[in-house]
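# could you look at this predicted model? Sequence included:
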Amino acid sequence: MAKDYSAGRYNVYQGRGPSAPLIGRIDEDEFVRSNGKLIYRVDGDEFYDMSGNFIGSIVEVDGVGLVIGQGQGGETCHFMIMDE
């Protein structure tokens with residue numbers, strides 16, 4: 001993993017592309033928060049829900065972190081992580 005997402009401020013979007021909705025923020029730690037509630041956790045280059053279920057791996061493409069994991073049709077981009 002090229003970027004340490006626990007050491008900075010990032011916006012997290014569901015899916016990818018220009019219409020992807022903002023779902024939360026990372027603020028200088030390993031958690032994605034929405035309205036103060038912890039909803040996801042980043043551990044190195046891995047992304048988990050708050051129950052500890054693995055969502056996917058973070059792959060950096062052109063400065064954007066893409067959370068890639070298994071979906072119904074194979075690999076899919078679940079989330080985008082971008083500088084705030």
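Sure, I can see it.
# could you check how far the residue nearest to Gln14 when sequence neighbours are not counted is from Met82?
For Gln14, ignoring the flanking residues on the chain, the nearest one in space by CB to CB, 6 or more residues apart in numbering is Ile23 at 4.8 Å. In this view, the C-beta of every residue, glycine as well, is placed from N, C-alpha and C. Taking CB to CB, to the nearest Å as the measure, Ile23 falls 12 Å from Met82.
# same drill for these two, tell me which one is more crowded.
Ile23 (17 against 13; other CB atoms under 10 Å).
# now the strands: where do they sit in this protein?
9-14, 22-27, 31-34, 37-43, 46-49, 54-61, 64-71, 74-83 (DSSP state E).
# residues in contact with the residue nearest to Gln14?
The contact partners of Ile23, by CB atoms under 8 Å, 6 or more residues apart in numbering, come to Val12, Tyr13, Gln14, Val32, Ser34, Ile39, Phe79.
# would you mind listing which of those residues are buried?
Val12, Tyr13, Val32, Phe79 (16 or more other CB atoms under 10 Å).
# centroid-wise, who is the farthest residue in the protein?
Gly73 (20.0 Å; CA atoms, centre = their mean).
# and it, how close does it get to Ala7?
For Gly73 relative to Ala7 (CB to CB), the value is 34 Å.
# re the thing from before, mind checking pLDDT for the residue farthest from the centre of the chain?
What the model reports for Gly73 is a pLDDT of 79.
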